[in-house]
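**Student:** Pasted the sequence and its predicted model underneath.
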Amino acid sequence: MSIPDEVKRRRTFAIISHPDAGKTTLTEKLLLFAGAIQIAGSVKARKASRHAASDWMEIEKQRGISVASSVMQMEYRDCVINLLDTPGHQDFSEDTYRVLTAVDAALMVIDAANGVEPQTIRLLQVCRARNTPIITFVNKLDREVREPLDLVSEIEDHLGMEVIPFSWPVGMGRSFGGVFDIRRDQMRVFRAGEARHSNENDELIPGLENPEIAKRFGSAFTKAHEEIELIKEASPEFDHAAFLAGKQTPMFFGSAINNFGVQEVLDALVDLAPSPGPRTALQREVQPDEPKFSGVVFKVQANMDPAHRDRVAFVRVSSGRFERGMRLKVARTGKEIRPNNVVSFLSQRRELLDEAYAGDIIGIPNHGVLQLGDVLTEGESLQFTGLPFFAPELFQAVEVKDPLRTKQLRIGLTQLGEEGAIQVFRPQAAGGALLLGAVGQLQFEVVAHRLKTEYGVEARLMPSRYTMARWFTAEDPKAMRKFMDSNAANIAHDVVDAPAFLASSPAQLRVAQELYPGITFHAMREHG
Ligand code: GDP
């Protein structure tokens, strides 16, 4: 198959939700429906590890599994689907956000009993900022849940995009009769059970006005009927361009644990979600079907064996075709690498990869040659934009217990900072302790543990008064200098020496914004 044809059949998406909404279950079922049955067990294995997430040793033991299961590839209806997991709340970190930069669409799972929850909102904000198209799956209709119409308006309020129901539930909990497919004008009757691996043998009843459905499902159907009429009048038509622009989300209802509504999601991915698009580099726009390979490291994960300090760089292929044994140039250093043990994530088994195309994710084991944000090409110097660093929301000051190890602390923190495990800020004022910034609490524990095991440094983490950071820039260098001089106590530099303003409250940031109109504050810094 030609490169353009291979690219056209790729779908790369992230699955996002608040913990316990059913993301793991749905992931498992998507793989099951796509025919990758053997892997269902390893998704569970990863899930089991999460309960011990506060115990970092335990996480490390399980890390091999999570490396493999955070990216999954499957084939469905002639499409190659790459599914990227976003970690749940306990292992929430910047990685979670960065995964969203490597996808072309997102699948949002909502627990119908809980509606839109905080973790989902955080992730959605990132999707919104990038205009990522979102498909919505409302889960757990086999339970007594919230009114579907309320869920629609809640999602619309939080997403700021139009919700277009493609299906509608008939009843819920004990009276859950199935879902009515609004576009095909037919009802799919609910059957509970894990045994279903496809929709093939389902009972389908045509026609919203069909008296047979009304008779069989009674008041549950009467209600659904009214709601569907209402939706047909009130919601706009589905507009594919608006979906691709992140302005509309198609919505599906189901019950993941009962394998119900799963195939509709897979079909939506194939029929609605976009294939890989162009990516912007500083030099030019890179088309996915160009013959030459290029890719970006969007995640670096230390591997199973800490003694070897080997890492897997997760690379999203941006263009062309990757082949085993190919020579690649690391744009940042100009170094050439020739990775032979590149892994793909097909069906969850970490397999040696022979080829990959734009949209695919490949894993390259290395010993630190590859860093977050690195671009790999066949020789061209490219720097992709848009790999973001997010302003941390949690801060801790860090000191070394044994002053003789100060240098090791700096080395360790620089490397961990480059890897993206944590953000490190060096205060401008002399004598201040280094500051660590994170978006998830677990990042601190992980860093303290890794400093000890990998760099032999016992670090002491201490509370910090800061609660927010903003990178800043100014058109006028004089304004910049004045701001930095007058606020020296609140200014720190990150790993690439970009200056940031640290504040202990939103009010303090507001005051700075009012006093210094010539300064622009940024909640996100792009790599580079
Ligand atoms: P995650 O934290 O989002 O990955 O959620 P899980 O997939 O682990 O699901 C959380 C809990 O909800 C588990 O106990 C699942 O068995 C349960 N669950 C998932 N899907 C459904 C569903 O469709 N109906 C019901 N009743 N429970 C579900």
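**Tutor:** Yep, that arrived. Computed from a predicted model, the values in this text were never measured in an experiment.

**Student:** Up against the ligand, what does this structure have?
**Tutor:** Within the chain, the positions near the ligand by C-beta under 6 Å from any ligand atom are 17, 19-25, 47, 88, 139-140, 142-143, 255-258. To be clear about C-beta, it is placed using only N, CA and C from the backbone, and glycine gets the same treatment.

**Student:** So Ala105 is in contact with Ile15, correct?
**Tutor:** No - the pair Ala105 / Ile15 is not scored as a contact, 10.2 Å apart, by C-beta atoms under 8 Å.

**Student:** residue contacts, Gly173?
**Tutor:** Counting by C-beta atoms under 8 Å, 6 or more residues apart in numbering, Gly173 makes contact with 142-145.

**Student:** Of those, grab the buried ones for PyMOL.
**Tutor:** Per 16 or more other C-beta atoms under 10 Å, the buried members of these correspond to this PyMOL selection:
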select buried, resi 142+145
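
**Student:** Tell me the one of the contacts of Gly173 nearest Arg122?
**Tutor:** Distance ranking of the contacts of Gly173 against Arg122, using C-beta to C-beta, places Val145 first at 22.8 Å.

**Student:** Give me the three-state assignment for that closest one.
**Tutor:** coil (DSSP: H, G, I helix; E, B strand; the rest coil).

**Student:** what's the spacing between it and Ala21?
**Tutor:** 12 Å (C-beta to C-beta, to the nearest Å).

**Student:** anything in contact with each of those two?
**Tutor:** Shared contacts of Val145 and Ala21, counting by C-beta under 8 Å, 6+ apart, come down to Asp111.

**Student:** Check which residues of stretch 219-233 are buried.
**Tutor:** Going by neighbour count (16+ other C-beta under 10 Å), the buried part of stretch 219-233 is 220-221, 223-225, 227-228, 231.

**Student:** now, which of those residues sits nearest Ala268?
**Tutor:** Distances from Ala268 to the buried residues of stretch 219-233, taken by C-beta to C-beta, are shortest for Ile231, at 17.5 Å.

**Student:** quick check, Leu416 in a helix?
**Tutor:** Yes - counting by three-state DSSP, Leu416 is found in a helix.

**Student:** these two touch, right, it and Val447?
**Tutor:** Yes - judged on C-beta under 8 Å, Leu416 makes contact with Val447 at a distance of 5.7 Å.

**Student:** Surely Ile155 touches Ile110?
**Tutor:** Yes - Ile155 lies in contact with Ile110 (C-beta under 8 Å); the separation is 7.0 Å.

**Student:** still on that earlier bit, quickly list what's touching both of Leu416 and Val447.
**Tutor:** Among the neighbours of Leu416, those also in contact with Val447 (C-beta under 8 Å, 6+ apart) are Ile422.

**Student:** pLDDT averaged over stretch 472-487, what's the number?
**Tutor:** Stretch 472-487 comes out with an average pLDDT of 95.

**Student:** Please compute how far that stretch lies from its chain's middle.
**Tutor:** Relative to its chain's centre, stretch 472-487 lies at 35 Å (C-alpha atoms, centre = their mean, to the nearest Å).

**Student:** what number of residues lie near Ala498?
**Tutor:** Around Ala498 there are 16 other residues, counting by other C-beta atoms under 10 Å.

**Student:** ok so, going back, just give me the closest of the contacts of Gly173 to Pro517.
**Tutor:** Distances from Pro517 to the contacts of Gly173, taken by C-beta to C-beta, are shortest for Val145, at 48.7 Å.

**Student:** now the end-to-end length of stretch 168-181.
**Tutor:** 7 Å (C-alpha to C-alpha, to the nearest Å).

**Student:** Repeat that for stretch 131-140.
**Tutor:** First residue to last in stretch 131-140 (C-alpha to C-alpha) measures 28 Å.

**Student:** Also stretch 294-312?
**Tutor:** Stretch 294-312 has an end-to-end distance of 18 Å (C-alpha to C-alpha).

**Student:** Smallest gap between the stretch 51-200 of the chain and the ligand, at which residue?
**Tutor:** In the stretch 51-200 of the chain, the residue that lies nearest the ligand is Lys140 (4.0 Å; C-beta to the nearest ligand atom).

**Student:** so what's the closest residue to that residue other than its chain neighbours up against?
**Tutor:** Computed as C-beta to C-beta, 6 or more residues apart in numbering, the closest residue to Lys140 that is not its neighbour in sequence is Ala112, at 5.0 Å. Contacts for Ala112 (C-beta under 8 Å, 6+ apart) come out as 138-141, 143, 145-146, 148, 151, 172, 253.

**Student:** What of Leu282?
**Tutor:** 382-385, 528.

**Student:** Could you rerun that using 10 Å?
**Tutor:** 375, 381-385, 528 (C-beta atoms under 10 Å, 6 or more residues apart in numbering).

**Student:** Name the member of those that has the highest neighbour count.
**Tutor:** Val375 (27 neighbours).

**Student:** Show me the helices in the stretch 201-350 of the chain, by range?
**Tutor:** For the stretch 201-350 of the chain, the helices defined by DSSP state H, counting those that start in this stretch occupy 211-234, 240-244, 262-271.

**Student:** Same list, those, but as a markdown table with distance to Pro4 and mean pLDDT please.
**Tutor:** As requested, the helices of the stretch 201-350 of the chain are arranged in a markdown table below (distance: least, C-beta to C-beta, whole Å; pLDDT from 0 to 100):
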| stretch | distance to Pro4 | mean pLDDT |
| --- | --- | --- |
| helix 211-234 | 38 | 94 |
| helix 240-244 | 19 | 97 |
| helix 262-271 | 18 | 94 |
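
**Student:** Domain parsing of this structure, as residue ranges.
**Tutor:** Domain assignment for the chain by the TED database gives 13-66+89-94+103-272, 279-377, 388-526.

**Student:** how long is the second one from one end to the other?
**Tutor:** Same thing as domain 279-377. Distance across domain 279-377, first residue to last, is 14 Å (C-alpha to C-alpha).

**Student:** Check the offset of it from the chain's centre.
**Tutor:** Distance, centroid of domain 279-377 to centroid of chain: 18 Å (C-alpha atoms, centre = their mean).

**Student:** same question, the first one
**Tutor:** Domain 13-66+89-94+103-272 sits 17 Å away from the centroid of its parent chain (C-alpha atoms, centre = their mean).

**Student:** about what we covered before: drop anything exposed from the contacts of Ala112.
**Tutor:** 138-141, 145-146, 148, 151, 172, 253.

**Student:** helix, strand or coil for Ser153?
**Tutor:** Classification of Ser153 using three-state DSSP returns helix.

**Student:** anything in contact with each of Ile155 and Ile110?
**Tutor:** The contact sets of Ile155 and Ile110 overlap at 116, 120, 136, 138, 251 (C-beta under 10 Å, 6+ apart).

**Student:** List the ones among the residues you listed that fall in helices.
**Tutor:** Under the assignment DSSP state H, the shared contacts of Ile155 and Ile110 contribute Thr120 to helices.

**Student:** Now, of the shared contacts of Ile155 and Ile110, which are buried?
**Tutor:** Judged by 16+ other C-beta under 10 Å, buried ones among the shared contacts of Ile155 and Ile110: 116, 120, 136, 138, 251.

**Student:** Could you export the buried ones among the contacts of Ala112 as CSV, including pLDDT?
**Tutor:** Conversion of those to CSV gives the following (pLDDT from 0 to 100):
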residue, pLDDT
Val138, 98
Asn139, 98
Lys140, 97
Leu141, 96
Val145, 95
Arg146, 96
Pro148, 97
Leu151, 96
Met172, 95
Phe253, 97
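
**Student:** Please work out how many residues are found near the nearest residue in space to Pro506 that is not next to it in sequence.
**Tutor:** With sequence-adjacent residues excluded and distances taken as C-beta to C-beta, 6+ apart, Pro506 is closest to Met468, at 6.9 Å. The local packing of Met468 (other C-beta under 10 Å) involves 21 other residues.

**Student:** next one: the one 5 residues further on
**Tutor:** Neighbour count of Thr473, defined by other C-beta under 10 Å: 12.

**Student:** ok, and what's touching stretch 476-485?
**Tutor:** Residues from elsewhere that reach stretch 476-485 (C-beta under 10 Å, 6+ apart): 428, 472-474, 490-491, 499, 501, 512, 515-519.
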